[in-house]
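In: Coordinates only, no sequence provided:
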């Protein structure tokens, strides 16, 4: 039986970014199937719906355990002002997921 978990990562966005004004931090959340490590859904604290849809398209269907590949996707395709924040939030979420996946049941 497949189980999914929700994992978040957060990071500081640039001071002049609307995300910082609205949310204080940049957040990204992932729903992950723990059997396959596939990202089933993703959302971030972007101020534009377009950004949220794009971030979702970067990650859904990818394995959270392949951080290098995901970071390359962010670096090559996401050119918003929160690129570094997204990369840092992704790193935090991956670390959090590894802790969950490696924890004894």
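Out: The structure has been received and is ready for your questions. What you see is a predicted model; the values in this text were computed from it and never measured. Numbers count the residues shown, from 1 in each chain.
In: Excluding residues flanking it in the chain, which one is nearest residue 8?
Out: Counting by C-beta to C-beta, 6 or more residues apart in numbering, residue 8 lies nearest to residue 29, which is 4.7 Å off, once chain neighbours are set aside. Where you see a C-beta, it was placed from the backbone N, CA and C, and this is true even at glycine.
In: May I have the secondary structure class of the one you found?
Out: strand (DSSP: H, G, I helix; E, B strand; the rest coil).
In: what's the pLDDT at it?
Out: At residue 29, the model reports a pLDDT of 98.
In: One more: residue 93?
Out: At residue 93, pLDDT is 98.
In: Quickly note the distance from it to residue 29.
Out: Using C-beta to C-beta, to the nearest Å, residue 93 is found at 8 Å from residue 29.
In: Who are the contact partners of the residue lying closest to residue 38 once chain neighbours are set aside?
Out: Sequence neighbours aside, residue 63 is the residue nearest to residue 38 in space, at 5.9 Å (criterion: C-beta to C-beta, 6+ apart). By C-beta atoms under 8 Å, 6 or more residues apart in numbering, residue 63 lies in contact with 36, 37, 38, 39, 69.
In: gap between stretch 73-88 and the chain center?
Out: Relative to its parent chain, stretch 73-88 has a centroid offset of 10 Å by C-alpha atoms, centre = their mean, to the nearest Å.
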